[in-house]
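1. My questions concern the predicted model and sequence given below.
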Amino acid sequence: MTINKLIGFIFLLLISLNLFSQQVIKGKILNSTTKEPIEYANIGLQKRNIGTISNKDGSFSLNVPSNFVSDTLIFSSIGFSS
């Protein structure tokens, strides 16, 4: 394998790894008035089929593909405005 082919292979490998990279968004959803956690709230990317729910203490973790990192997060729960 020549050095040019090796460099080309490494370059393609790095590009493909970057395409599949994800960012993890972690947080905790709290009621702004009472500061209590909001259980089982829906968290997702606006107009995408990517989302999760918060757990009993309001915490969540969402894996977001790198090409959607600048999209808008939407939070919703019964009894609250989105």
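-> Done, it's in.
2. okay, stretch 39-52 in CSV with CA atoms only?
-> Extracted in CSV, the C-alpha atoms of stretch 39-52 (Å, rounded to 0.1, in the frame of the first residue of the first chain):
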residue,chain,number,x,y,z
GLU,A,39,-41.4,13.5,36.0
TYR,A,40,-41.7,11.8,32.7
ALA,A,41,-41.6,14.9,30.5
ASN,A,42,-41.1,14.5,26.8
ILE,A,43,-37.9,15.9,25.3
GLY,A,44,-37.2,15.9,21.6
LEU,A,45,-35.9,17.7,18.6
GLN,A,46,-38.5,19.8,16.8
LYS,A,47,-39.7,18.2,13.6
ARG,A,48,-37.5,15.2,14.0
ASN,A,49,-38.2,11.7,15.2
ILE,A,50,-35.5,11.9,18.0
GLY,A,51,-36.5,12.1,21.6
THR,A,52,-36.6,10.7,25.1
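3. Please give the number of neighbouring residues around residue 67.
-> 10 (other C-beta atoms under 10 Å). (Glycine included, C-beta is placed from N, CA and C.)
4. try residue 76
-> 13.
5. Would you mind measuring from it to residue 42?
-> 5 Å (C-beta to C-beta, to the nearest Å).
6. same question, residue 61
-> Taking C-beta to C-beta, one finds residue 61 at 14 Å from residue 42.
7. Among those two, which residue is more densely surrounded?
-> Shown here are residue 61 and residue 42; by other C-beta under 10 Å, residue 42 has more neighbours (16 against 12).
8. partner residues bridging that one?
-> residue 53, residue 76 (DSSP bridges).
9. gap between it and residue 66?
-> In terms of C-beta to C-beta, residue 42 sits 23 Å off from residue 66.
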